[in-house]
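Chemist: Take a look and give me a structure for this.
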Amino acid sequence: MFGFNKKKHRPNIRVRREDEDDGKNSASTPPPTTKGHAKKSKSKKSDKPDRESSKEKMPKLSFDDEIKAEVDFKVKKSSISRKLAREREREKSKKIKTEQPTESFNDDDFIVMDDMDLDGESNEADPGYEPDPEYVEPGPVSKASAIPDATAIHKARKKREQARRQQETADSYIPVHNRRTQNDVVFKRDNSRFIREDDDSGDERIDMKVHTEEDDVEAIIMDEEKDEEFLRWEKEQMKKGASINTGTEITDHKNAYTEKPQERVSAKDYIPKFTMPNITIDAISNELCGELNSLKSLVAESDHDLESTVRALENSQQNITKHELQVAELSQAFEFYQETKCFINDYSKLLSLKIDSIEQVENEIYALFQKRCDDCRNLRRSVQQRLSIQVGVVKGQTDSRYNKPSEIPRICPDSDEEVEQEFVEKYNSIVDQSESVMTDVRNEYSEITFVKQQFEKWKLQQSESYKNAYITQCLPLVFSPLLRLEMLGWNPIQPSCPNFEEYSWFLCLMTYGYTESHDPSADDPDTNLIPIIVNKVLLPKVAKLVQCCWDPFSTQQTKRLIELLILLFEDYVPKKKKSAEKDKLIQAIQHQIEQLIIHEAFLPFTAERSSNPDSKVEQFLTFQYIKCIKILKNILLWEGVLSSAIVFKLAVDSLLNRHLVAFLQTSQNHMDNVEKIDMIIKTFPVSWFEKSDKLLPQLVSFATYLASLVQIIERKQSQCATESDRKLHKTAIRKVMSMLLRINAMDLVRKAATSNS
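Modeler: Next up, the predicted model:
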C-alpha cells in the first residue's frame, strides 16, 4: 500500500527525480548525492525514523479501494535508457553464444536489469560506493514484481562491465582468461565492487626454484619415458587395429563404433607377399670371402697401430730416461740463460741511454774538423779572388776598390799558430767530454773486453741457441757504440794519425771465438766479425770525415785517404758483394772533387792576353793553370781506387776538355803551350795506354788540339828568320809528335808526318 505524507520543510531535504521509484519499493537503491559516504549514511539514518513517525501519524482513513481500482505504478524510462537496454541485450546474446560466463544469474535478475534506470546517473557507479549496513531488506515478494537486492545488482553490474570491456577489445584479440596486469591495484576486501578487484585473488604463486642441470636431466628422462609410453600405446593400437573387423565404421566422436557385426581379420592377412632371391653357394662363398678380407684388413690395421703405439711408447720411455739424465745440465743452462737475459737487457738499456751522448760528442768533433778545413779553403779562395781582381780578369773588369792590397778583405785569422792552438784546445775539451760519458757505468758494460767475454761464453756453452738467435748479425750493433767512443778523435786524413788496426778494440775482436782449446772452423761466420764491423762502422765514419775535413786540393791528404781506402777495400770490404756504405763513401769523394773543380778550377777567357809571359795577366793565368794541373794530378791519383768511368768523368770531361784545352786554344804563345801540354801528359796514368793500342775516346779532343798545334808551329817555322828559331820550332814539333805517340794517336801522327816531310 502506498502512502503519501505531507512534505516537511527541512534544510536536509531529499531531492527526488521524476523517474525514481517510491521510497519503499526502491529501498535497495541509495538516494543520489554528491557528498561522501559519511553523509550518505547519515541521510539514511535520519530518513528511517521519519518514515516510522509518518506511519504512526497517518490517519485511519484508507483508500485501499481506490488504489486497487487504479492502474499499478510503473517505472518511467527515457528513450535513451531503452536504446541502451536493447543494445545490451544484443551484446549479451552474442557473448552468451561465444563464451560461458563465470557466474550464473537467474532470468529474473536479467529482467530486473532491463527495468533499471541505465542513464548513467546512478550512485552505484561511484567506485567508493558502499551499501548501507543498517538497511533492512524487504520481505519476500512475488516473482513478477521481485526487485533484486544490492548483491544481485552488484553482480549484474560486474557482468555488464565485463561484457563492455570484452566488446571494446574484441577487434584486437580474444582473451583466454582474465588476469590483472602489474599496474592494477588490488584491495583485499570482501564484496569488492569491480571485476579487477575480484579477479586473480592471488592464489597464483611465482616459482622461485633455481634451475639446475639435474632438472634438465630429469626433463630428458621424462620425455624419453613419455616417448616409450607413446610407442607402447601405438603398438597396442596397431595390434588392436589388425585384429578388429574391417567393416567397422566410425559415425560420431561420441559413438565409438557401430553395432554391425563384422568378420574378424587376422594379422597374417596383412603380411606382404614377396619372393625369395636366388641364393647360390658361389654367392654365399663370395660374400664370406669379402667379409674375411675386410676382417683381415682390419686386423692388419690394428697390428700396424699396435706396432706404432709400441714404438711411440719405447721412444717416450727413452726420452724420459734421457731427460732425467739431463736435469742437471738443463738446470745449468737455465741459470746461464737467465744471466744472459739480464745482461742483454741491462746492456741494451745502457746503450739507449748513452747513444745520444755519444752522437753529440761525435757531432762536436766533426764540426771542429769541418771548421778547420773550411778555413783553409776560404784562405785559398780569397787569394785567388784577390789576384783575379788585381789583374782585372774577373768578368773582364777591374775594381778600383781592391787596387791596394791593404783593402782586400781577410777571411782567415792573422796567424796560423793561433788557429792551431785554438784547434788543439777545443779538441782536448771534446776528448775529455767523451771520456766522461761512461764514468758512471761498470766495467762489464763499458769495456769491449767484458762484453766480448759474455758473448763468447754463450757461443761456447750454448752454440745451438747462439746460432738460432742470429748473434753474429747483431755483434756490430753491440760493439759499435763502444767502438765509436774509442775512435772519436781518429782522423786518418791528418798526419801522425794511428791506423785503426792499432786500436785496442781491433786487437780484442780479432780473437773473438778463439780459445786455448777451441779454434773456430773456416765456416764459422764469426771469423768475418772484423770485416763486418769495418763495413758497418768504419766506412760511414770515413765518409763523414771526407765530407767534413778532406781537402781534395791537398795532395798529402788525398794520398793518406787513398792509402786508407786501399787497405779497407782490399782486406776488409769484399769486392764482389755490393755495399751501401762503400757506395756512399765513393759518392762523398766524387762530390768533394766536383765542388773543387767548380770553385777553384778558374781559367778565365780574356781578350787582353799577350804573348809576353811576364805580364800580370799571363802570370795570374799561369798560376791558375798550374793550380788546375795539380787538381788534375790529384784526381788521377784515384785511378785504381775509384772506377775508371768516374775518373774519366772528373779528370778528362770536367777538367781537361772543359778548362785546360779551351785555355790552351786561346793562348798566343804556342811555344809555351808545348811545355804546358807536357805537364798534362805526365799526369796521365800509364795503365790507360797499356790496355789498348788505340786512342781513348775521351782523349780525342785533346789529341786533335795537339795535331792542330803541330800545324801552327810548322807555319811559324817557315816564317823564322834565324836558324836557331827554326831549330826551336822543329824541336817543338818533334816533342808534340812524341806526345801523340804516347797517347796512342797513331793516325794523327801519320797524317802530320805526311804533311811535313
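Chemist: drop to CA atoms for contacts and neighbour counts, all remaining ones
Modeler: Will do.
Chemist: check contacts around the closest residue to residue 694 other than its chain neighbours.
Modeler: Leaving aside its sequence neighbours, residue 694 sits nearest to residue 744 (C-alpha to C-alpha, 6 or more residues apart in numbering; 5.5 Å). Residues near residue 744 by C-alpha atoms under 8 Å, 6 or more residues apart in numbering: 689, 693, 694, 695.
Chemist: what's the burial count for the last one?
Modeler: Using other C-alpha atoms under 10 Å as the criterion, residue 695 is surrounded by 19 other residues.
Chemist: pretty sure it is touching residue 748, no?
Modeler: No: counting by C-alpha atoms under 8 Å, residue 695 stays clear of residue 748, with 10.1 Å between them.
Chemist: still on that earlier bit, quickly note the distance from the residue nearest to residue 694 to residue 293.
Modeler: 95 Å (C-alpha to C-alpha, to the nearest Å).
Chemist: can you give me the helices for the stretch 651-757 of the chain?
Modeler: Using DSSP state H, counting those that start in this stretch, the helices of the stretch 651-757 of the chain run over residues 661-665, 670-683, 687-690, 700-718, 723-742, 746-755.
Chemist: Those helices: which one's closest to residue 332?
Modeler: helix 687-690 (63.5 Å; C-alpha to C-alpha).
Chemist: Name the residues of that closest one that are buried.
Modeler: For helix 687-690, burial by neighbour count (16 or more other C-alpha atoms under 10 Å) applies to no residue.
Chemist: got a list of contacts for it?
Modeler: 695, 742, 743, 744.
Chemist: just to revisit the earlier point, and the helices of the stretch 651-757 of the chain, which one is worst for confidence?
Modeler: Lowest mean pLDDT within the helices of the stretch 651-757 of the chain: helix 746-755, a mean of 79.
Chemist: OK, contacts around residue 543?
Modeler: Counting by C-alpha under 8 Å, 6+ apart, residue 543 has contacts 584, 585, 588, 589.
Chemist: and the helix or strand harbouring residue 161, average pLDDT?
Modeler: If you go by DSSP states H and E, residue 161 is part of helix 150-168. For helix 150-168, mean pLDDT rounds to 83.
Chemist: that older thread, would you check the contacts of residue 744 and say which has the weakest pLDDT?
Modeler: Within the contacts of residue 744, pLDDT reaches its minimum at residue 693, with 83.
Chemist: residues touching that residue, list them.
Modeler: By C-alpha under 8 Å, 6+ apart, the contact set of residue 693 is residue 744.
Chemist: and residue 151, how many neighbours?
Modeler: For residue 151, the neighbour count with other C-alpha under 10 Å is 13.
Chemist: longest helix of this structure?
Modeler: Criterion DSSP state H: the longest helix present in the chain is helix 327-391.
Chemist: Which element is encountered next along the chain beyond that helix?
Modeler: helix 416-435.
Chemist: Output that next one as CSV, nothing but the C-alphas.
Modeler: Provided in CSV are the C-alpha atoms of helix 416-435 (Å, rounded to 0.1, in the frame of the first residue of the first chain):
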residue,chain,number,x,y,z
ASP,A,416,148.4,30.0,-38.3
GLU,A,417,149.8,29.3,-34.8
GLU,A,418,146.8,30.9,-33.1
VAL,A,419,144.5,28.8,-35.3
GLU,A,420,146.4,25.6,-34.4
GLN,A,421,146.4,26.5,-30.7
GLU,A,422,142.7,27.2,-30.7
PHE,A,423,142.0,23.9,-32.6
VAL,A,424,144.0,21.9,-30.1
GLU,A,425,142.3,23.3,-27.1
LYS,A,426,138.8,22.6,-28.4
TYR,A,427,139.9,19.1,-29.5
ASN,A,428,141.2,18.2,-26.0
SER,A,429,138.0,19.5,-24.3
ILE,A,430,135.8,17.3,-26.6
VAL,A,431,138.0,14.3,-25.9
ASP,A,432,137.7,14.9,-22.1
GLN,A,433,133.9,15.1,-22.5
SER,A,434,133.8,11.8,-24.3
GLU,A,435,135.8,10.1,-21.6
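Chemist: Offset the numbering so it begins at 53, please.
Modeler: Got it, the first residue is 53 from now on, which makes the last one we talked about helix 468-487.
Chemist: then the next helix or strand after that helix to PDB, C-alphas only?
Modeler: Using DSSP H and E, the helix or strand that follows helix 468-487 in sequence is helix 495-498. The C-alpha coordinates for helix 495-498 follow below in PDB (Å, rounded to 0.1, in the frame of the first residue of the first chain):
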ATOM      1  CA  ASN A 495     133.400  -2.000 -16.500                       C
ATOM      2  CA  GLU A 496     131.500  -5.100 -17.500                       C
ATOM      3  CA  TYR A 497     129.200  -2.900 -19.600                       C
ATOM      4  CA  SER A 498     131.600  -0.100 -20.600                       C
END
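Chemist: Helix or strand next in line after helix 495-498, which one?
Modeler: From helix 495-498, the next helix or strand downstream (DSSP H and E) is helix 500-513.
Chemist: Just the buried positions in that following helix, please.
Modeler: Buried residues in helix 500-513, defined by neighbour count with 16+ other C-alpha under 10 Å: 500, 501, 503, 504, 507, 508, 510, 511.
Chemist: pretty sure the second one is touching residue 560, no?
Modeler: Yes: counting by C-alpha under 8 Å, residue 501 does reach residue 560; the two are 6.6 Å apart.
Chemist: Low-confidence stretches in the stretch 153-302 of the chain?
Modeler: Flagging of the stretch 153-302 of the chain using pLDDT under 70 yields the residue ranges 153-198, 220-270, 273, 276, 295-302.
Chemist: Look up the closest residue to residue 571, ignoring the ones flanking it.
Modeler: That would be residue 565: by C-alpha to C-alpha, 6+ apart, it lies 7.2 Å from residue 571.
Chemist: ok now do that neighbour, which residues does it touch?
Modeler: Counting by C-alpha under 8 Å, 6+ apart, residue 565 touches 508, 511, 512, 571, 572, 578.
Chemist: before we move on, what SS does it have?
Modeler: coil (DSSP: H, G, I helix; E, B strand; the rest coil).
Chemist: gap between it and residue 528?
Modeler: 15 Å.
Chemist: Count the residues that sit near the residue nearest to residue 406 when sequence neighbours are not counted.
Modeler: Of all residues not flanking residue 406 in the chain, residue 489 sits nearest, at 7.3 Å (C-alpha to C-alpha, 6+ apart). Counted with other C-alpha under 10 Å, residues neighbouring residue 489 total 16.
Chemist: other SSEs contacting whichever strand or helix holds residue 649?
Modeler: According to DSSP H and E, residue 649 maps onto helix 632-652. Applying 3 or more C-alpha pairs under 8 Å, 6 or more residues apart in numbering; DSSP states H and E, we find helix 632-652 packed against helix 591-601, helix 668-688.
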